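Trainee: Sequence plus the predicted model coming up.
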Amino acid sequence: MNAKSPLAENLASDGATNVAITVPQAGGALEIGAGFVAQTFRERNFAGAMDPLVMVDHYRMTEPTFGPHPHAGLSAVSVLFEDSDGAFHNRDSLGNDFDLLPGDLYWLKAGSGAVHDEAPKTGASIHGLQVFVNLPARMKRDAPESRHVRAQDIPVLETDDYRVRVVLGNCNGVSGRDSPALPMTILDGRIGPGSAFTHHLQAGENAWIYAIEREIKLTVAGGEAILQAGESLAVEAGSAGAVHAIEMTNIAGSTAHFALFSATPVGEVFVHKGSFVMCNEAEIAQVEADYAAGKLGRLE
């Protein structure tokens, strides 16, 4: 696991609001069994600038790995990339039982608690992101909700220079679906060699950008940073009224692949333990007891 890295000094200011960019971080290696490998990123490595994201795993899965497991106090989000092969079987205690296909999104707002299981079907190879998104204290006891967005329902921004899927939220005048929790934009994009793509970060939002393939130069408010493949960084745009353009330029010789998440941070203290994110240790103990007592539901 990477050591904690503080925010870099503000790289630029427009006179109204400071923009801070974290030091690029490589993901930690994670391997479970024979069928799951990942690069993993944790919020503690980004000095709070990753908020509301708690964890992101960039994974490849070829065999069932985790089995049925509980969630509470967070949203568990699965983003499948289009180069996945085969079906990813999803079940949860809300009664959902269906296959996710390449390019799909599944958002499980666990709230007060839910039981979940995802596993590749025989012969499938799943490539995607598994994301834990914090819920504010006022939502941690909400009833669970879910949203499945099929690949064919995801709008695409496309030119000769780039192809960007607006998996969730809004970008450059194009709107995808909303999350069942707090507003968030998720982009899954590819940029041609020497080309650029720009996302506008709204005032008060954080962004987390990940270079999945190839090298990307990021420019925001006059500051620059380079992301190598497998590295990510976070951006804090401050609370004043300015909107900031995040420009991503592919400086490699072949197509670059990136993911971008942007949202207003929750800004609350929390405790992350396993698949639970609660306000304090006492709430963690309570939800563990609730799960042991079968109160988080069950799979059919």
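Mentor: Yep, it's here. Quick caveat: nothing in here was measured; it's all calculated off a predicted structure.

Trainee: going forward, measure contacts between C-alpha atoms and count neighbours the same way
Mentor: Noted.

Trainee: So for the closest residue to residue 75 other than its chain neighbours, what pLDDT did the model give?
Mentor: Distance criterion Cα to Cα, 6 or more residues apart in numbering; nearest residue to residue 75, sequence neighbours excluded, is residue 109 at 4.1 Å. Listed pLDDT for residue 109 reads 98.

Trainee: Tell me which residues touch residue 109, please.
Mentor: 74-76, 144-146, 180-181 (Cα atoms under 8 Å, 6 or more residues apart in numbering).

Trainee: from those residues, which is closest to residue 276?
Mentor: Residue 276 lies nearest to residue 74 out of the contacts of residue 109, by Cα to Cα, at 6.9 Å.

Trainee: Let me know whether the closest one touches residue 276 as I believe.
Mentor: Yes: under the criterion of Cα atoms under 8 Å, residue 74 makes contact with residue 276 at 6.9 Å.

Trainee: which of the two has more neighbours?
Mentor: Set residue 74 next to residue 276 and count neighbours by other Cα atoms under 10 Å: residue 74 wins out with 30 against 22.

Trainee: got the residue ranges for the helices in the chain?
Mentor: Taking DSSP state H, the helices of the chain run over residues 281-292.

Trainee: which stretches of it have low pLDDT?
Mentor: 1-17, 239-241 (pLDDT under 70).

Trainee: Grab the most central residue of it for me.
Mentor: residue 131 (4.5 Å; Cα atoms, centre = their mean).

Trainee: what number of residues lie near the residue nearest to it when sequence neighbours are not counted?
Mentor: Nearest non-adjacent residue to residue 131, counting by Cα to Cα, 6+ apart: residue 56, 4.5 Å away. Using other Cα under 10 Å, residue 56 has 22 neighbouring residues.

Trainee: residues touching residue 56, list them.
Mentor: With Cα under 8 Å, 6+ apart, residue 56 has these contacts: 40-42, 129-132.

Trainee: Compile the residues you listed into TSV and extend it with columns for distance to residue 209.
Mentor: Formatted as TSV, the contacts of residue 56 follow (distance: Cα to Cα, whole Å):
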residue	distance to residue 209
40	14
41	11
42	13
129	13
130	15
131	13
132	15
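
Trainee: Would you quantify the distance from the residue nearest to residue 131 to residue 297?
Mentor: 25 Å (Cα to Cα, to the nearest Å).

Trainee: what's the answer for residue 237, then?
Mentor: Residue 237 is 39 Å from residue 297, by Cα to Cα.

Trainee: okay, those two: which has more neighbours?
Mentor: Between residue 237 and residue 297, counting by other Cα under 10 Å, residue 237 is the more crowded of the two (27 against 18).

Trainee: beta partners for the residue lying closest to the more buried one once chain neighbours are set aside?
Mentor: Distances taken as Cα to Cα, 6+ apart put residue 19 closest to residue 237, at 4.8 Å, once the chain neighbours are dropped. Here residue 19 sits in beta bridges with residue 12, going by DSSP bridges.
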